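**Q** return atomic coordinates for the entry below.
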Amino acid sequence: MPATFEWMQTKTKSTAKLTTNDLLQPEINIQYGCKYLATMLKEFKNQKTAICAYNAGIGTVNNWLKDSNVSKDGTTLEKVPYPETEKYVAAVLKNYEIYTKLYQFK
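**A** Next up, the predicted model:
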């Protein structure tokens with residue numbers, strides 16, 4: 001998302017003046033996508049919660065974490081209120097499991 005990209009640029013040491021059009025370049029898109037995911041993992045600690053934040057946004061996930069129907073402990077999501085995000089997280093975690101087995105890392 002353009003706003004996320006602009007925010008992530010403030011978190012890097014790069015002096016390059018990039019625009020949202022630069023996200024069409026795979027190397028830039030992957031670089032910033034990875035940095036954003038790393039930021040979410042650092043922020044939320046729990047892998048599933050971080051992936052939800054990557055997809056649905058930090059503010060959305062922070063609101064979910066405040067809802068005791070969704071998160072009992074305020075840090076881990078027991079339910080994902082957005083069906084799109086729930087499907088996204090399931091796909092990411094399934095692929096993570098496959099890659100972990102294929103490349104034997106963890």
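**Q** flag the shaky bits of this protein, pLDDT-wise.
**A** Filtered on pLDDT under 70, the chain yields the residue ranges 2, 15, 105-106.
**Q** and the longest helix along it, how far out from the chain's middle?
**A** Longest helix in the chain by number of residues (criterion: DSSP state H): helix 83-103. Remark: helix 83-103 is offset 13 Å from the chain centroid, using Cα atoms, centre = their mean, to the nearest Å.
**Q** go through it and flag the buried ones.
**A** Across helix 83-103, burial judged by 16 or more other Cβ atoms under 10 Å covers 85, 86, 88, 89, 92. Where you see a C-beta, it was placed from the backbone N, CA and C, and this is true even at glycine.
**Q** same question, stretch 72-81
**A** Residues of stretch 72-81 classed as buried by neighbour count (16+ other Cβ under 10 Å): 77, 80, 81.
**Q** could you do stretch 4-14 as well?
**A** 5, 8.
**Q** and the contacts of it?
**A** Surrounding stretch 4-14, the residues in contact under the criterion Cβ atoms under 8 Å, 6 or more residues apart in numbering are 18, 20, 23, 32, 35, 36, 39, 57.
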